[in-house]
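Asks: This is a predicted model, with the sequence first.
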Amino acid sequence: MTRFAVLNRNSEFRALYHRGKSQVNPALVTYARRNNQGITRVGITVGKKVGGAVQRNRCRRIIREAYRELLPKVSNGWNIVFVARKKTQFLKSTHIKGIMEEHLKNLGVLKNEKNSNSAN
């Protein structure tokens, strides 16, 4: 199981909400901002509007699995927050992965595919 660094301080989440760039979808909101640490850290939030604890935990698991599959494509040096919406709980991780990939590509977080292919 691949591990990744996490955001867990409220001030870090608030900084992303206010100063980060965002992408919106009915199932997922993504915030991203460069950091000076050289590692990419991820935070996942699910509000109470999504449902009870079981539904919120399912949303977290779905988002975490989708991100884990995209991890090799993600550049270093970013703070990212994924915010689940009510629709998230009804989707599979593969669908969320597609949404997430589009968001990260638009935000410039994904590695340039030309450079990664020529390195092989």
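Replies: Ah, there it is.
Asks: quick one, helices of this protein?
Replies: For the chain, the helices defined by DSSP state H cover 10-19, 53-70, 93-107, 113-119.
Asks: Okay, buried residues for the third one please.
Replies: It refers to helix 93-107. Of the residues in helix 93-107, those buried by neighbour count under the rule 16 or more other Cβ atoms under 10 Å are 93, 96, 97, 99, 100, 101, 103, 104, 107. Using the backbone N, CA and C atoms, a C-beta is placed for each residue, glycine as well.
Asks: Which pair of the residues you listed spans the longest distance?
Replies: Distance extremes for those: the farthest pair is 93 and 107 at 20.0 Å, using Cβ to Cβ.
Asks: Pairing-wise in the sheet, spell out the partners of the spatially most central residue of the chain.
Replies: For the chain, the residue sitting closest to the mean C-alpha position, by Cα atoms, centre = their mean, is residue 82 at 4.3 Å. Here residue 82 sits in beta bridges with residue 30, residue 44, as judged by DSSP bridges.
Asks: what does stretch 96-109 contact?
Replies: Counting by Cβ atoms under 8 Å, 6 or more residues apart in numbering, the neighbours of stretch 96-109 from elsewhere in the structure are 21, 23, 25, 27-28, 30, 32, 40, 62-63, 66-67, 69-70, 73-75, 78, 80, 82, 88, 110.
Asks: Emit the PyMOL select command for whichever of those residues are buried.
Replies: For anyone working in PyMOL, the buried entries among the contacts of stretch 96-109, judged by 16+ other Cβ under 10 Å, can be selected with:
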select buried, resi 23+25+27+28+30+32+40+62+63+66+67+74+78+80+82+88+110
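Asks: ok so, going back, quick check: the gap between the residue nearest to the centre of the chain and residue 43.
Replies: The span separating residue 82 from residue 43 equals 7 Å under the rule Cβ to Cβ, to the nearest Å.
Asks: Perfect, that will be all.
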